[in-house]
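Engineer: Below are the sequence and a predicted model; questions follow.
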Amino acid sequence: MTRGTRGDSLTAVPGVRVAHATAASAATGVTVVRFDRAVPTVVRTPGGTCTTYDTASLRSDATFGRRWALFFAGGSLHGLDAARGVRDTILGEGGGHTVFQHPRRVAPVSGATLFDLPRAAGPLEDYAALGAQATRDADRRPVPYGRVGAGAGATLGKYLGRDGAQPGGLGSAAGRLRGGGTVGVLAVVNAVGAVRDPRTGRWIAGARRRGRLVPPSTEAVSGERAHPTAAGTTLVAVVTDVPLDRPALERALQIAEGGVARTVVPIFTATDGDVLFGATTGEGRRPPIARYPGAVADRVGIVAADLIGTAIRRAVGGR
């Protein structure tokens with residue numbers, strides 16, 4: 001586990017707290033991104049096998065697209081139980097809000113999970129308890145990264161089968177926009193594909209055979225040589241303090257998606273559960289408008305795409 005600096009991780013964004021809860025087995029866990037209030041949130045699900053919690057209302061044209069927290073978890077469908085722990089903890093600490101003039105408070109949260117279940121049968125982790133722990137522990141310190149939280153049991157490079165896979169992990173990064181505003185990202189890498197450095201094109205993590213990294217090929221990934229159990233997920237959260245409405249936020253997230261595509265190869269396949277969330281705390285000053293409508297969202301998305309590449313590299317031990 002590595003801890004960077006606060007200015008270079010997701011907690012650099014005002015109004016954001018983050019924590020991990022790693023299972024005692026160190027083979028799975030939960031990561032929670034918590035906001036000081038319910039904030040505008042959107043989602044994109046480019047993968048073919050996504051496992052998500054309460055994302056339908058995050059469409060840009062939906063009515064109640066605000067969330068108090070986002071969570072990422074291992075455990076596949078079992079990991080969705082983390083939502084209860086996240087939600088109950090927020091409500092227990094006095095968070096949440098009322099709707100339709102009803103006195104009972106609600107705390108909408110959303111999340112996504114990855115597949116890190118072991119080959120052998122055994123007892124399942126209590127993901128609700130892990131979700132509650134991560135929510136309680138969420139703070140503004142720099143985000144630890146590596147094999148921790150939702151990335152504890154992650155692997156990548158599964159296009160040659162599990163035996164050739166490498167450890168995956170979790171990474172984070174942040175940056176400032178010219179003219180004002182902060183963008184932070186968090187990425188969990190449990191991909192079918194390999195990871196390359198988009199700055200150099202060099203492969204830095206992927207399937208290994210006889211100790212050597214084997215770059216992905218069309219035949220290895222989707223042809224007759226493809227391994228029948230190749231499945232994976234890359235999960236990403238992009239958060240900014242720049243005030244954006246939800247359609248603009250979705251546009252920024254769509255641009256940011258390119259950062260995943262140029263770092264993880266292949267990505268968004270039929271057996272990938274890739275999910276991206278975007279949120280804005282709205283606590284910053286909107287950067288000066290450039291020459292065309294939508295320029296602010298474009299700027300956020302372009303910066304986020306570069307930061308995603310950095311976070312993914314950090315997740316797998318690169319810089």
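Structural biologist: Alright, I've got the coordinates. Numbers count the residues shown, from 1 in each chain.
Engineer: Now the most centrally placed residue in the chain: closest residue in space that isn't a chain neighbour?
Structural biologist: Centroid-nearest residue in the chain, with CA atoms, centre = their mean: Val236, separated by 2.5 Å. If the residues on either side of it in the chain are set aside, Val236 comes closest to Leu276, at 4.4 Å by CB to CB, 6 or more residues apart in numbering. In short, each C-beta sits where N, CA and C put it, glycine included.
Engineer: If that neighbour is in a bridge, with which residues?
Structural biologist: Arg44, Val236 (DSSP bridges).
Engineer: quick one: it from Val260, how far?
Structural biologist: 7 Å (CB to CB, to the nearest Å).
Engineer: which residues do the two both contact?
Structural biologist: Both Leu276 and Val260 are in contact with Val236, where contact means CB atoms under 8 Å, 6 or more residues apart in numbering.
Engineer: thinking again about what came up before, for the residue nearest to Val236, which residues are in contact?
Structural biologist: Residues in contact with Leu276, defined by CB under 8 Å, 6+ apart, are Val43, Arg44, Thr45, Pro46, Leu235, Val236, Ala237, Val238, Leu253, Ala256, Glu257, Val260.
Engineer: try 6 Å
Structural biologist: Residues near Leu276 by CB atoms under 6 Å, 6 or more residues apart in numbering: Arg44, Val236, Leu253, Glu257.
Engineer: just Gly111 next, same as before
Structural biologist: Gly111 neighbours (CB under 6 Å, 6+ apart): Tyr53, Leu70, Phe71, Ala83.
Engineer: which residues touch the nearest residue to the last one once chain neighbours are set aside?
Structural biologist: It stands for Ala83. Excluding the flanking residues, the one nearest Ala83 by CB to CB, 6+ apart is Tyr53, at 4.8 Å. Taking CB under 6 Å, 6+ apart as the criterion, Tyr53 is in contact with Leu80, Ala83, Ser110, Gly111.
Engineer: Out of the contacts of Gly111, grab the one that's most surrounded.
Structural biologist: In terms of neighbours by other CB atoms under 10 Å, the contacts of Gly111 top out with Phe71 at 33 neighbours.
Engineer: Who are the packing partners of the helix or strand hosting that residue?
Structural biologist: Per DSSP states H and E, Phe71 falls inside strand 66-73. Counting contacts by 3 or more CB pairs under 6 Å, 6 or more residues apart in numbering; DSSP states H and E, strand 66-73 packs against strand 29-44, helix 82-92, strand 109-113.
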